[in-house]
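Engineer: structure, please.
(chains A and B)
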Amino acid sequence: MQLPDAIDDDTYSSVDVLASDFVARYRNGERPTVEEYANRHPDWSEPIRRIFPLVLSVEKVKVDQQSGSDGRATLAGRTLERLGDFRLVREIGRGGMGIVYEAEQESLGRSVAIKVLPKQSLLEEDALQRFQHEASTAAAMHHSNIVPIFGIGQCDGTHYLVMQLVRGVSLEKQIAAEESPLDGRTAARTAAEIADGLAYAHANGVLHRDVKPANILIDGEGLAQLTDFGLARNTQDDPTMTQTLSGSPRYMAPERFQGRSNEQCDVYGLGVTLYEMLAGSPAFENLTPQQLPEAIKHQLVKPLKSVRPDVSTDLQTIVAKAMSPDPVHRYQSASDLRDDLHRFLSDEPILARRTTAFQRFVRWCRRNPKLAGVSGIAIASMLAATTASSVGFAMTSAANERTTDALTQAEQTVDLALRSLDGVVDVVSVPASAMGDMDMGELDATQFLLNPSPHAARVLESIQPLYERLANQSPTRPDIVEQMTQASLRLAQIQQQLGRTDIAIKTLKESVALLERRGDLAGLPIGEKQLLLVRLHNELGKVYASELEYEKSDEAYGMAIEVGEAVSDPDERVTLQLANAYVSLGDPPAQRRRHQIDSPVSSRIQRDRLAAGKAILDEWNPSTQDAGEVAVLRARIHLIESRRAKRPVVRRSELLSAIEILQERLAQTPDDSRIRFALVETLASVNLRRQIGSQRSIQEAQERLHHALRELRPLRSSNPETALFAVSEVHILHKLSNLARMQGNDSISLERLEKAISIQSSLIDASPNSMPHRCWRALLYRSLAEVHRREHHTELEREAIATALADLDAIDSELASHPFVVQTRQAIEEFASEEKSP
Amino acid sequence: MNTSVGDIEQQLKQGDLSLFADAFSYHRPRLWQIVHFRLSDQVRARVDADDVLQEVYLDAEKRLTHYVEGDFPSLFLWLRLVTGQTLSRVHRRHLATESRSARRESSPREGTLGGDTSLCLSRRFVAHLTSPSQVAVKGELIAEIQRALQGMSEIDREVVALRHFEELTNSEVATELGITSKAASIRYVRALERLRSVLEKIETP
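Structural biologist: All right, here's what the predicted structure looks like:
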């Protein structure tokens, strides 16, 4: 290293004497300047300017990290008993920035709190000025949720802040002391008080900059008060400042790490604080200083839902919005947060909207373009995936490849892979229309998965082996098993809606087996496992019922009830699944009623089941999340009662009740396809044999069916590939055709029938092996033959009958003896023989 | 204040031990710096420098006659010696359960404060560079600092450590290292010059 020759040894030692003086003053809290010495000693000005900055640099390295083992402030060996007029009584607490004492102001004989700032905390030249400025601004604030500041002082180079003494504990200590976390309302009230204080401060142009539980005091009456206003800036914010003073950055908004600080950063701190109140532990814990900024940026926190399932969804939504890592999605101001908390507290609807898993994933990808790239899911291809199947498929194969790579790495890549897969699952099973800010609700509750394109199914199928591999890699991780089961459920629902019921059954059965095999090994909590099993069995019951396999369907629902009733502490999700199983068992589908003669015993059992389901639903005050599902079940019970009733008046009133429940619900959530479809089905449940007699009743039935068609139209146009909706349209058209025929309007009857047949044919094209699809087309052709017979088109009539029989013949021989097939064949043959006899 | 402290030490020397508490609290801040500087990271996570100082006080009080009877340059330098002994006991106690390798790496030499100065110094520099306040630290800079420290003679490192991290005066440093004040000064300033390039990088990363 090149050393300057100009400085000789004597100069060195003389300059060192001055340097010693300089550093001694510095350590004592003074801020002497280099120039002061250079000017005073012109002969040595050059070496002074060379050496002094180096002295200062080493001194700063020394001062850094001067904090206790827990990162809190320390007086670095000094002890204090008195600061001017103030006699220190006892230490109350330590924060990152200073030590708080209870003190007596002797001249006024009053008790105050004094925050002593360690000497090393005001190292930077302008830090002291800023501290004085901020403190005087803070002292001008008067608000019941802000601890009043009396002033600042200085004594022997020690700076301090005089505040009102609050008799109480800090929120931090309160959270640590409580055995169970705070209840939702108390936490919300505290947060609302602090938000009000912040709103006031912000309106006065003051930022807090360090909102966290340690800075919130709860007094004897439970009132929350915010302390340490604006102090953070002098210390924490300054990038040249020392870590001693930066305290805990666990409550810092991600943008703070880039040096930005504004009102929304305070909102973030309060959001994380509210999270901590509810969770009972900090959102970000056990992280190294290097990991923390990443964790905050990616918001690697346990979802509140899993930590505190008892906290209402609305409050969870508020927390999520308040601590959103992206300021755009955060509350724009403290007053917005306060107002939403007040809405929650007074049971009004909150303004914050839940983020769907899909939106979360999209946001996550935006924040982490690199990671998203690594996992093979660029945001562009994700968006494309919902519309263009080929891109989606390519993307999944890329994800497959990368996941395989990732698997060779550590546990954290499993997280990444899981997240990626979950993202893919969400993307393919959520409709493109949900990409806006539309609230789709939790996907768990989404029984109706829209956009069930064949490609979505293919993507989901290709994901299954990846889950398997992850599960093999980390057999003791319950989240993999859980997520895998969720994905299977969605896959089965999509397969089912595409009409591929046999594959759906296979998916569900494999999932049950996997859950039994891996669930305990992975340490999946028994409650979670039971819930997943109940859901799987319910889903199986539904698929079997749609395949008209009633025994198996009953068995599956029975299993659902068995598992569900064994849950020791059932939550809403389990109860809802149980209600569903009960109602399903109490509600034999139309074909079954027609083809099976109910024994009195089974009929009584059905009634009991229905009563059990009804009992659950009657006393249920559902959360917003479950309201749709509950409405559907309630309506379904009315519909069953309507079918069972002997007196037409009761039949009609029960049906109207069902329609009313659904319409009411749909008015609140017009985008909920589940509700809309349930309404369609209810409106369309016109029984032409039993209910139709008078001209008036024909009229009414017709109106109802047209209403059903109108409600169905938006579903059909946005989900052309959903077999379920297509089937529904076919049935409505068929009924309308029959009604037209009863009124003697053959041309309209024919027109509707032909349209129904064309839709039914496209269904058969999509799944040629479906027995019900074939049977239904056969029945449609039978009706067609009937119209032709009335018109005396004998040739056309014969052709229709032949086509009908051909459909039945095309049914797999194993299913040929199914009651529905037998009944259909009988009906057609009877009709054909009628033709010959007259 | 200095004179009164001088008086106190004089009276101590003459056997008036009742004044020890006052004398100790006068030197406490500098002793704190020594403890803070010499505590290894593993032990630092479990005990505060203040706890160690409490032990130093008790140890010193017990052995106060050593000081009274002995020929020590000053009370502070004697307390520094006691601090070294207390520190090594604290390290032994807290690392007893640690693995042997961890012990070997972090435990200072028996009863002395020398030995691991180089390690303590580089630890402080690295800690400073990796603290959240240093936004983006390059690994090369850490390596460069370690090279710079290694490139210095042991005695030069000692001078920098004592002057800054233990807050000794130049004459105290000279006494401890057995060299003249002038020699100590020259070593100190030269050592700073040698660290110039890394110090400038730390200041403006």
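
Engineer: helix, strand or coil for the residue in the stretch 651-800 of chain A that chain B sits nearest to?
Structural biologist: Going by CB to the nearest CB, chain B is nearest to A:Asp671 of the stretch 651-800 of chain A, at 44.7 Å. The C-beta positions use only the backbone N, C-alpha and C, and glycine is treated the same way. Classification of A:Asp671 using DSSP: H, G, I helix; E, B strand; the rest coil returns coil.

Engineer: low-confidence ranges, chain B, go.
Structural biologist: Confidence mapping of chain B against pLDDT under 70 gives the ranges B:1-3, B:96-115, B:130-139, B:203-205.

Engineer: the residue of the stretch 651-800 of chain A closest to chain B: neighbour count?
Structural biologist: 15 (other CB atoms under 10 Å in any protein chain shown).

Engineer: not counting sequence-adjacent ones, nearest residue to residue 169?
Structural biologist: Looking at chain A here, since you left the chain open. A:Ile218 (6.0 Å; CB to CB, 6 or more residues apart in numbering or on different chains).

Engineer: hm, I was asking about chain B
Structural biologist: Per CB to CB, 6+ apart, closest to B:Thr169 is A:Ser20, 6.6 Å.

Engineer: state the helix or strand in which the one you found lies.
Structural biologist: Per DSSP states H and E: A:Ser20 is located in helix A:9-27.

Engineer: following element in sequence after that helix, please.
Structural biologist: helix A:34-40.

Engineer: for residue 35, grab the count of nearby residues.
Structural biologist: Since you didn't name a chain, this refers to chain A. Using other CB under 10 Å, the number of residues around A:Glu35 comes to 12.

Engineer: try chain B instead
Structural biologist: Around B:Val35 there are 26 other residues, counting by other CB under 10 Å.

Engineer: now do the contacts for it.
Structural biologist: Taking CB atoms under 8 Å, 6 or more residues apart in numbering or on different chains as the criterion, B:Val35 is in contact with B:Ala49, B:Val52, B:Leu53, B:Val56, B:Thr83, B:Leu87.

Engineer: from these, pick the one nearest A:Glu703.
Structural biologist: Proximity to A:Glu703 was ranked across those by CB to CB; first place goes to B:Ala49, at 86.0 Å.

Engineer: hmm, stretch B:181-200 in reach of chain A?
Structural biologist: Yes - Stretch B:181-200 is in contact with chain A by CB under 8 Å from any CB of the partner chain, via B:181-182, B:185-186, B:188-190, B:192-197, B:199-200.

Engineer: filter these down to the buried ones.
Structural biologist: B:181-182, B:185-186, B:188-190, B:192-196, B:199 (16 or more other CB atoms under 10 Å in any protein chain shown).

Engineer: as JSON lines, these with distance to A:Val311 would be great.
Structural biologist: What follows is those, written out as JSON lines (distance: CB to CB, whole Å):
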{"residue": "B:Ser181", "distance to A:Val311": "68"}
{"residue": "B:Lys182", "distance to A:Val311": "71"}
{"residue": "B:Ser185", "distance to A:Val311": "66"}
{"residue": "B:Ile186", "distance to A:Val311": "68"}
{"residue": "B:Tyr188", "distance to A:Val311": "61"}
{"residue": "B:Val189", "distance to A:Val311": "63"}
{"residue": "B:Arg190", "distance to A:Val311": "64"}
{"residue": "B:Leu192", "distance to A:Val311": "58"}
{"residue": "B:Glu193", "distance to A:Val311": "62"}
{"residue": "B:Arg194", "distance to A:Val311": "60"}
{"residue": "B:Leu195", "distance to A:Val311": "55"}
{"residue": "B:Arg196", "distance to A:Val311": "57"}
{"residue": "B:Leu199", "distance to A:Val311": "52"}
